[in-house]
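> Compute the structure for the input listed below.
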Amino acid sequence: MGNTSKKLAAKCTLLTKDEQKYLATTFRSASKNSDKIREEDLIRYWGPQIDPRLAQYLTNFLFGSGADKAASCDFNRFAELYVFNVRGTADERMMVAYNSLGMDYNDSTELPYQLLREYCESIASTYIKMVKAQPSGRAKTWIEKGFKSRASHVQALGEAIAASVSSDADVAINACNAKQLNKWLQSNTLLRKMTDAVFVHLYGVQGHDAHSHSHVHVAHPEPTLIPLPQGLEAMPDYPAFIDLSHIVWLNNHIPAKHQNRWRFLFSSHIHGESFSTMTGRIQSEGASLLIIEDNAGYIFGGYAPVSWSLGPNFVGNEDSFLFTLAPKMRVYPASNYNNHFQYMNHHTKTLPNGLLMGGQFNFGAIWVNGDPFGEGSSAESCSTYRGYKRLSKEPNFRIKSLEVWAVGEKPMFKKESDERDVSVLDVNPEAKAILDMAGRTRHSEGIREPPPL
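Residues are numbered from 1 along each chain as shown. Down below sits the predicted model:
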């Protein structure tokens, strides 16, 4: 690092020692070794990595807008943009949002909703663009298996993030006040994670965990947003009908303990339209995501927090939720009104044969018919999930695509655990006694495989 970069970094007290090093290197590269950076040079430097709208928003913050626009900005201002976005308070992040959108921040100034939506779309677009450009990583693995990132779905991801500023995401609002924004910024974990990842990347900060404020070599924020796919290794071209934006949206809403890995269980395109095949493949696999595309192109489904099993009773718990992915991305959490979360039955005469999530028989939020497979329905109302709206385009639909993904590690059931470390001598104490009496050593004892951590 040159003397210029060292002097610049030493002037900024907002940064840790490691951050000073990384940010000064980035500043030096973008400013061509100057002590100030010009707008055109920064746009040229960040341009290939960033949504054009976000480039404009960030230069609004750094250089100002309108008549007050400056020709350049210094290192301190450059560092503020990073610090406020990555570990700033809600007020600091609101100030960045207002200034980036060309407005002065104060408690009485309302932010037009359309501007907020475009800001969120620009963050989502930049994040997806960034992870797609990674030479390695989880996004690359998904893309190689046929999961793309269509512009319309990236836009829907940004819209969904912005819409959550309202108590009802489907009720249009014209503007939001500072109180709404403050609450939203503190509760919207997806926006926070994507913003962290974007600015860590743009500023060239390596091995940084924004949430713990540590600066050791840790995982990039990406893994909690994009899970590791497992089970598609033998499929060079998987018939994907969801994409990266959907994966990011869903993975953010499932419990953190399940976000690291998705395990492929069933696809109607690969395994055929067979309810028996589906039930056989998804039972006893732990928490899972059911994802359906109807014949009108609507994509929706549900998160099942416990293993699927055949039986006459409802199972599951309040971690369950329903969701839509297209044409909009929405999540409907459990209402705690009843426990009708998961039901699956087959080959019975007295109970319905099929899969149900939410509601009652004949009025389910998601109903997948057992025979004939391929038909389904979604009720107009469902008290099991809060804010619920019909998921499919029509109440009765034809299934175009259906897949099930287990999430997290496969659970080990008690029987499997008990049997893992059992030998013939364990289950036959008389044999052990005879060996002891004969003075024979049991060589296998003490060298068994240790149990998994």
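> contacts and neighbour counts: CA atoms only from here.
Noted.
> show me what contacts the residue nearest to residue 49 when sequence neighbours are not counted?
Spatial nearest neighbour of residue 49, excluding adjacent residues (C-alpha to C-alpha, 6 or more residues apart in numbering): residue 130 at 6.3 Å. Residue 130 is in contact with 49-50, 198, counting by C-alpha atoms under 8 Å, 6 or more residues apart in numbering.
> what about residue 130, which SS state?
helix (DSSP: H, G, I helix; E, B strand; the rest coil).
> Now for residue 411, how many residues are close by?
By other C-alpha atoms under 10 Å, the residues close to residue 411 number 13.
> Confirm residue 402 sits in a helix?
No. Applying three-state DSSP, one finds residue 402 to be strand, outside a helix.
> Find the helix or strand that the residue nearest to it when sequence neighbours are not counted is a member of.
In space, and not counting its chain neighbours, residue 402 is closest to residue 292: 4.5 Å by C-alpha to C-alpha, 6+ apart. Under the criterion of DSSP states H and E, residue 292 resides in strand 288-294.
> Now do that strand: distance to the chain's middle.
The chain centroid and the centroid of strand 288-294 are separated by 16 Å, computed with C-alpha atoms, centre = their mean, to the nearest Å.
> Would you agree residue 282 is in contact with residue 308?
Yes. Here residue 282 lies in contact with residue 308, judged by C-alpha atoms under 8 Å, at a distance of 6.5 Å.
> List the contacts of residue 388.
Counted by C-alpha under 8 Å, 6+ apart, residue 388 has contacts 332, 381-382.
> Which members of those occur in strands, if any?
Among the contacts of residue 388, DSSP state E puts residue 332 in strands.
> Dump the contacts of residue 388 into TSV; add distance to residue 105, pLDDT and neighbour count as well.
Output for those, formatted as TSV (distance: C-alpha to C-alpha, whole Å; pLDDT from 0 to 100; neighbours: other C-alpha atoms under 10 Å):
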residue	distance to residue 105	pLDDT	neighbour count
332	33	97	17
381	41	96	17
382	41	97	23
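> in the helix or strand encompassing residue 127, what's buried?
Element membership for residue 127 (DSSP H and E) is helix 113-133. For helix 113-133, a neighbour-count test (16 or more other C-alpha atoms under 10 Å) marks 113, 115-132 as buried.
> got the contact list for residue 116?
Here residue 116 is in contact with residue 162 (criterion: C-alpha under 8 Å, 6+ apart).
> How confident was the prediction at it?
Per-residue pLDDT puts residue 116 at 95.
> Same question for residue 103.
90.
> And for residue 178?
pLDDT at residue 178 comes out at 88.
> Compute the distance between it and residue 224, please.
Distance of residue 178 to residue 224, given as C-alpha to C-alpha, to the nearest Å: 29 Å.
> neighbour-wise, which of these two wins?
Comparing residue 178 with residue 224 by other C-alpha under 10 Å, the one with more neighbours is residue 224, at 20 against 17.
> what ranges of the stretch 1-150 of the chain fall below the confidence cut-off?
Residue ranges of the stretch 1-150 of the chain with pLDDT under 70: 1-13.
> try the stretch 201-350 of the chain
For the stretch 201-350 of the chain (pLDDT under 70), the answer is 207-223.
> Which positions within stretch 313-330 qualify as buried?
314-318, 320-326, 328-330.
> Name the nearest of those residues relative to residue 73.
Nearest to residue 73 among the buried residues of stretch 313-330, counting by C-alpha to C-alpha, is residue 329 at 38.3 Å.
> so what's the closest one closest to, chain neighbours aside?
Among residues not flanking residue 329 along the chain, residue 160 sits closest, at 5.7 Å (C-alpha to C-alpha, 6+ apart).
> Pull out the buried residues from the helix or strand hosting the one you found.
With secondary structure defined by DSSP H and E, residue 160 is part of helix 151-163. Residues 153-163 are the ones in helix 151-163 that count as buried (16+ other C-alpha under 10 Å).
> how about residue 123, what does it touch?
Counted by C-alpha under 8 Å, 6+ apart, residue 123 has contacts 51, 54, 158, 191, 194-195, 198.
> In TSV, list those along with secondary structure and distance to residue 174.
Converted to TSV, these look like this (DSSP: H, G, I helix; E, B strand; the rest coil; distance: C-alpha to C-alpha, whole Å):
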residue	secondary structure	distance to residue 174
51	coil	24
54	helix	22
158	helix	17
191	helix	21
194	helix	25
195	helix	24
198	helix	28
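> Most neighbours among these, which one?
Counting by other C-alpha under 10 Å, top hit in the contacts of residue 123: residue 198 with 27 neighbours.
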